[in-house]
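**Student:** Quick one, fold the following:
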Amino acid sequence: MTLLDTSTLLWTVGEPERLSVNAREAISTGLSAGELCVSVASYWEIIIKAHKDQLKIADPVSWWNRATQLLGTKVLPIWASHVGAITALPDIHRDPFDRILIAQSNVEGYPLVTSDEKIAAYQVRVIW
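**Tutor:** As a prediction, the model looks like this:
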């Protein structure tokens, strides 16, 4: 299974040219194997940013449904074990959405596809 961060999901759907070669390959492999996932945390982040006009998505609920269906991704819920794993993370990154994605990646053992250099500073498998 391969976990996409929020930006990677947005770029995969709307601006695939922004993805690195390695990210495109991981996403393509995950798609063909049915092993691509996104976190409900990304859904939450998209809803908040769209509401604040930080993302130009008129209907984020419909967008999310179409995007996850189009990509055939599994949606990873936030479990108590994910939240608990945040306590072991150093304060390199303060963004709560990125911190939960890092925790989910570690707990589940999934690599995280992200261009965020701060995330790469953690003990987490990053693909970019």
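**Student:** I'd say Tyr110 and Cys37 touch.
**Tutor:** Yes. Applying Cβ atoms under 8 Å, one finds Tyr110 in contact with Cys37, separated by 6.9 Å. Placement of C-beta: from N, CA and C, glycine included.
**Student:** between those two, what contacts are shared?
**Tutor:** Residues touching both Tyr110 and Cys37 (Cβ atoms under 8 Å, 6 or more residues apart in numbering) are Met1, Thr2, Leu3.
**Student:** thinking the first one is in contact with Ser39, fair?
**Tutor:** No. At 11.6 Å, Met1 does not count as touching Ser39 under the criterion of Cβ under 8 Å.
**Student:** Neighbour count: these two, which is higher?
**Tutor:** Taking neighbours as other Cβ atoms under 10 Å, Met1 and Ser39 compare with Ser39 leading, 28 against 16.
**Student:** Which parts of the protein are helices?
**Tutor:** For the chain, the helices defined by DSSP state H cover 6-14, 21-33, 40-51, 60-71, 80-85, 96-108, 117-120.
**Student:** can you redo these as a markdown table with mean pLDDT and distance to Trp128?
**Tutor:** Output for these, formatted as a markdown table (pLDDT from 0 to 100; distance: least, Cβ to Cβ, whole Å):
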| stretch | mean pLDDT | distance to Trp128 |
| --- | --- | --- |
| helix 6-14 | 97 | 9 |
| helix 21-33 | 96 | 6 |
| helix 40-51 | 98 | 16 |
| helix 60-71 | 97 | 18 |
| helix 80-85 | 98 | 22 |
| helix 96-108 | 98 | 13 |
| helix 117-120 | 94 | 7 |
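**Student:** Now flag whichever of the shared contacts of Tyr110 and Cys37 is closest to Glu25.
**Tutor:** Nearest to Glu25 out of these is Thr2 (Cβ to Cβ; 10.5 Å).
**Student:** and the residue lying closest to that closest one once chain neighbours are set aside, what does it touch?
**Tutor:** Counting by Cβ to Cβ, 6 or more residues apart in numbering, Gly30 is the residue found nearest to Thr2 once chain neighbours are left out, at 4.2 Å. Residues in contact with Gly30 (Cβ under 8 Å, 6+ apart) are Met1, Thr2, Leu36.
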